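Participant: the following comprises the amino acid sequence and a computationally predicted model.
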Amino acid sequence: MSTREQKRQDIINELFHTERNHVRNIRILDSVFRKPLLESGLMPREMIDRLFPSLDEVLNVHQSYSLAMRDKEKKGFPIGSISDILEGMFIGAAGESLMTAGSEFTKNQKFTIEELKKWRGRDPRLDQFLCEQEKRPECRRLQLQSQLPCEHQRLVKYPLLLEQLAKHCDQTKDKIEYDKVKAVTSRTREILNIIDKQVAMVQNAQKLVEIQRNLDTSGLEKMGPDDPICKEYRNIDLTQHTLIYDGLLNLYLGGENKRTKSVVLHVLLLEDSIMFLQKQDEKFVLKFHTGTSALGPGVGRDDAKQLHVPVIKFKNLLVRPDATDKRSFYLVNYTKMSSPQMNKMVASSRGERESWLTNISDAAKNFISIQPKNFRTSTSITNMNSFSNGSVRSSYEPPAPGAKTTSRSQSFQETAMSRKDSIQFRPLPTPPPTDLEVESVGMKILKLGEKDEEIARALEEKQKIIAEIFNIPPEEYDSITDIVQHHEEKSDPKDVLLTAMAQVDNLDRYISDALQVESEEEEMAASASAQRPRLASPPSDRLLHITESLKTSLRALLGLMQEAEAEAEEDSGGDLPWSRQADTSESNIQKTLRDLDIGTRSRPNSFLSLGSDSVE
């Protein structure tokens, strides 16, 4: 026997053996506890029926399983194919019987066990009787409340054992056996999921009863008795609703105070809305919560306050995961009567956030399915990037005349369709190429005019900065620089520098003026597209005037440096350390003067091309 076959035989033996043990446990519940309790009269019949609902049906189902397995064992070892037994247990009517009996036995078990504990605490005789029964050897020192969950534990065990059995089936030799085992495994998971949902529905209904008993809606009157939320939910009866999911979430309110910038809420996901409750002592308070939005220009503290509505209906709901925080998501209340209200909810973990998003998605689909066919909500779950610009838009669009309507929500498609090949992940079609508009000469001239205005503004800003450096009033800059330029004896180095910088400013302006295109040149440029470029440069007389002024200013600055050096040497009686630096500066200034002399003797070596000239 191969290793694979040995493991397969071990799994089959475990399946058969645990089924016999499970039948024995159910018989213990019947013979050791239920029947003696009925005979003793220590507990009302109604309570006994709630503790052991459909126990006879559960026992009959599993006895049939055990008998079929025993017949298979009688044929000898090793045990061959068991797919026929498995199909008889879970496929067809047999599977429905298991699902019906199992769900009836387990759906109220949580509450009946709590009720049993209270009975034992109130009645010493009942507790003494049960303690005596629990001491019997067949109970293996287990209390009654520990033995009641055996049916649900068995239902959980089936898919685990069958999954291991499928792994050790030889697909090459017996493909039919493998396929049947896989199909039965899927069926057992389906049965377990259906039973778990029924159990959750009963537990959620009981939760709503407890919350309704301690519900306080007086906080809704904060907005006045005429507020729509107050009118609709002031006298709400939660027992008339269906609870789908609930849990604790933090609502971010904003602000700098760590104590008040978030509040812990008990959030209820109902069949048509999401409700925020705050637990205070033993009460569940339904009220508005005051938050703080960002302060901006012209926004006061009163305007920055934001009221968070405690109930958001699915038809007004937008859901967005937070791209920056894996534990948080946004619930946006979008109504036509007011601006969108964004609620940042923070879960305890990333998995908890995913559970919330999944349950909201499923609840919205169920809500849409029971609405009229022409009804569409604005509920949606999309990537946070879809409204990263801060705008929130509803996905509601009225149906076009004659167009087919759909009952499928446009909301939650991203969560529902997780495949990457869905339409949401396909790139948008490339638009057809359009003919590029050719710019005319007139349009180019307009652009040149805009650039001239930008240069003029830049020169004005530059002039203001120079005036600030030399502590000159901006409005008197031109007159003061003109006086300084025409003053022959400049004894202050600041005057010399101001003169030089003024000449450089003038040079910038002359070059900018030379590059401007006049109206006559526009016509020439428009008519001479194939002729050689026209080269332009500033007038030579202006360049000579500016360079002469620069040379004069630099010579004056050189003389002032030499005088300062001589005075310093006389005071110190020797060579100063910085005199060598002055020599270096002097040689650099002389070189600059020579370059200026050379530059003014001939035409510049490079020019800017402005266009074409019709006449050479």
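Facilitator: That came through fine. Numbers count the residues shown, from 1 in each chain.

Participant: for the closest residue in space to residue 235 that isn't next to it in sequence, give me phi and psi.
Facilitator: In space, and not counting its chain neighbours, residue 235 is closest to residue 217: 7.4 Å by Cβ to Cβ, 6 or more residues apart in numbering. In short, each C-beta sits where N, CA and C put it, glycine included. Backbone torsions for residue 217, taken as degrees, to the nearest 10, come to phi -110, psi 10.

Participant: how many other residues sit next to residue 217?
Facilitator: 18 (other Cβ atoms under 10 Å).

Participant: surely it touches residue 237?
Facilitator: No. Look at residue 217 against residue 237 with Cβ atoms under 8 Å: they stay out of range, at 10.8 Å.

Participant: pLDDT weak spots in this protein?
Facilitator: Counting by pLDDT under 70, the ranges of the chain that qualify are 255-260, 292-305, 336-338, 372-442, 470, 475-498, 512-544, 551, 558, 571-616.

Participant: can you give me the strands in it?
Facilitator: 215-216, 243-252, 262-270, 273-280, 283-285, 289-292, 305-308, 311-313, 317-321, 328-335, 338-346, 533-536, 608-612 (DSSP state E).

Participant: and those: which comes nearest residue 562?
Facilitator: Nearest to residue 562 among those is strand 608-612; the distance by Cβ to Cβ comes to 39.5 Å.

Participant: that older thread, residue 158 is nearest to which of the strands of the chain?
Facilitator: Comparing the strands of the chain against residue 158 with Cβ to Cβ, the closest turns out to be strand 243-252 (26.3 Å).

Participant: which one of the strands of the chain is the most hemmed in?
Facilitator: Highest mean neighbour count among the strands of the chain (mean count of other Cβ atoms under 10 Å): strand 317-321, with a mean of 23.

Participant: which helices and strands does it pack with?
Facilitator: In terms of contacts (3 or more Cβ pairs under 8 Å, 6 or more residues apart in numbering; DSSP states H and E), strand 317-321 is packed against strand 328-335, helix 350-369.

Participant: switch the cut-off to 6 Å
Facilitator: If contacts are counted by 3 or more Cβ pairs under 6 Å, 6 or more residues apart in numbering; DSSP states H and E, strand 317-321 sits against strand 328-335.

Participant: Provide the strand pairings for the strand it packs on, with the direction of each partner.
Facilitator: Neighbouring strands of strand 328-335 in its sheet, by DSSP bridges, are strand 317-321 (antiparallel), strand 338-346 (antiparallel).

Participant: re the thing from before, residue 362 is nearest to which of the strands of the chain?
Facilitator: Nearest to residue 362, of these and by Cβ to Cβ, is strand 243-252 at 7.5 Å.

Participant: can you list the residues that contact the closest one?
Facilitator: With Cβ atoms under 6 Å, 6 or more residues apart in numbering as the test, strand 243-252 has contacts from 204, 207-208, 262-265, 267-269, 344-347, 359, 363.

Participant: what is the end-to-end distance of stretch 313-327?
Facilitator: With Cα to Cα, to the nearest Å as the measure, stretch 313-327 spans 23 Å from end to end.

Participant: same deal with stretch 230-249?
Facilitator: In stretch 230-249, first residue to last residue: 23 Å (Cα to Cα).

Participant: over to stretch 69-81?
Facilitator: With Cα to Cα as the measure, stretch 69-81 spans 12 Å from end to end.

Participant: ok, stretch 31-45 next?
Facilitator: Taking Cα to Cα, stretch 31-45 runs 16 Å from one end to the other.

Participant: CSV please, covering the strands of the chain and showing distance to residue 131.
Facilitator: Formatted as CSV, the strands of the chain follow (distance: least, Cβ to Cβ, whole Å):
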stretch, distance to residue 131
strand 215-216, 39
strand 243-252, 37
strand 262-270, 38
strand 273-280, 37
strand 283-285, 38
strand 289-292, 50
strand 305-308, 53
strand 311-313, 49
strand 317-321, 52
strand 328-335, 50
strand 338-346, 47
strand 533-536, 111
strand 608-612, 107
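
Participant: ok, which of the ones you listed comes nearest residue 136?
Facilitator: Residue 136 lies closest, by Cβ to Cβ, to one member of these: strand 243-252, at 40.4 Å.

Participant: what angle separates that closest one from strand 262-270?
Facilitator: Between strand 243-252 and strand 262-270, the angle comes out at 160 degrees (axes from the mean of the first three to the mean of the last three Cα atoms, to 10 degrees).

Participant: direction included, what does strand 243-252 pair up with?
Facilitator: Under the criterion DSSP bridges, strand 243-252 sits next to strand 262-270 (antiparallel), strand 338-346 (antiparallel) in its sheet.

Participant: burial check on residue 109, number of neighbours?
Facilitator: 20.

Participant: if I look at it, how far off is residue 203?
Facilitator: Residue 109 sits 10 Å away from residue 203, going by Cβ to Cβ, to the nearest Å.

Participant: swap in residue 443?
Facilitator: Taken as Cβ to Cβ, the span from residue 443 to residue 203 is 73 Å.
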